[in-house]
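Student: coordinates only, sequence not included:
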């Protein structure tokens, strides 16, 4: 059922992606410590392995027609929450550069996704021109940021700011009192979905490599790629 819902979501958003598929876009990539988790979280290998493979597969075609930039959050900060880095602003043929940066990172730190998305929006000059941001995250904000408040701000102040959110292998609280069992644990949604809901973007829950590749292609690419 979850796979069919994802397929319907992706099909429904292809037209939206195609309409703006040549505008500059920023990828906001989760490099936090949880990307290296495996084992008890029903993960056979660290999330970062498949995330890297998905970028290697999806980005070369996308980057031929769209200038892409990159923000990484998690590693490299003075503390657990300060590792938010603008790797580079949108540029032509950026696939190799993005892939290289993600291949080189060592996941660490916490999830400062709100600050990272805000940085991407500023980089795109969202108050003066259209801005498309694709957030790839495995979970919730853990650094005190308020993603839903940011979503409201982006919707109110942006010329045409759209945030697409890809929740990659998001896990719920397995031991929560209100948990309904394993399916709820493995099919949880990140609270940052509100960034998509409030800005007219899309939310895709990707559990497999193929689903992550499809989500990247739909949110960043053109129909000609499908």
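Tutor: Yes, it's here. Nothing here was measured: the structure is a model prediction, and the numbers come from that model.

Student: where does the chain dip in pLDDT?
Tutor: Filtered on pLDDT under 70, the chain yields the residue ranges 1-20, 39-44, 172-189, 223-226.

Student: what helix or strand is residue 163 on?
Tutor: strand 161-168 (DSSP states H and E).

Student: these two touch, right, residue 162 and residue 201?
Tutor: Yes. Using CB atoms under 8 Å, residue 162 makes contact with residue 201 at a distance of 4.7 Å. The way it works is simple: take the backbone N, C-alpha and C, and place the C-beta from them, glycine included.

Student: what's near enough to touch residue 30?
Tutor: 51, 73, 74, 111, 113, 136, 137, 138, 139, 168 (CB atoms under 8 Å, 6 or more residues apart in numbering).

Student: what pairs with the closest residue to it other than its chain neighbours across the strands?
Tutor: The shortest distance from residue 30 to any residue other than its chain neighbours is 4.5 Å, reached at residue 137 (CB to CB, 6 or more residues apart in numbering). Residues in a beta bridge with residue 137, per DSSP bridges, are residue 167.

Student: measure residue 137 to residue 22 for me?
Tutor: Distance check for residue 137 against residue 22: by CB to CB, to the nearest Å, it reads 25 Å.

Student: who has more neighbours out of the two?
Tutor: residue 137 (28 against 11; other CB atoms under 10 Å).

Student: how many neighbouring residues does the closest residue to residue 221 other than its chain neighbours have?
Tutor: Of all residues not flanking residue 221 in the chain, residue 62 sits nearest, at 4.6 Å (CB to CB, 6+ apart). Applying other CB under 10 Å, we find 23 residues neighbouring residue 62.

Student: check contacts around the residue nearest the centre of the chain.
Tutor: Using CA atoms, centre = their mean, the residue of the chain that lies closest to the mean C-alpha position is residue 136, 1.7 Å off. Contacts for residue 136 (CB under 8 Å, 6+ apart) come out as 27, 28, 29, 30, 51, 166, 168, 212, 216.

Student: please apply the same query to residue 208.
Tutor: residue 50 are the contacts of residue 208 under CB under 8 Å, 6+ apart.

Student: need the phi and psi values for residue 140.
Tutor: phi -90, psi 160 (degrees, to the nearest 10).

Student: ok, it touching residue 193?
Tutor: No. Contact criterion CB under 8 Å: residue 140 and residue 193 do not qualify, at 10.1 Å.

Student: please identify which helix or strand holds residue 45.
Tutor: Going by DSSP H and E, residue 45 is not part of any helix or strand.

Student: ok, it touching residue 35?
Tutor: No. The pair residue 45 / residue 35 is not scored as a contact, 11.2 Å apart, by CB under 8 Å.

Student: what is the neighbour count of the residue nearest to residue 46 when sequence neighbours are not counted?
Tutor: Nearest non-adjacent residue to residue 46, counting by CB to CB, 6+ apart: residue 36, 4.5 Å away. For residue 36, the neighbour count with other CB under 10 Å is 17.

Student: just residue 123 next, same as before
Tutor: Neighbours of residue 123 (other CB under 10 Å): 19.

Student: likewise residue 107?
Tutor: One way to gauge burial is a neighbour count; for residue 107, by other CB under 10 Å, it gives 19.

Student: surely it is in a helix?
Tutor: No. Counting by DSSP: H, G, I helix; E, B strand; the rest coil, residue 107 is not found in a helix; it is coil.
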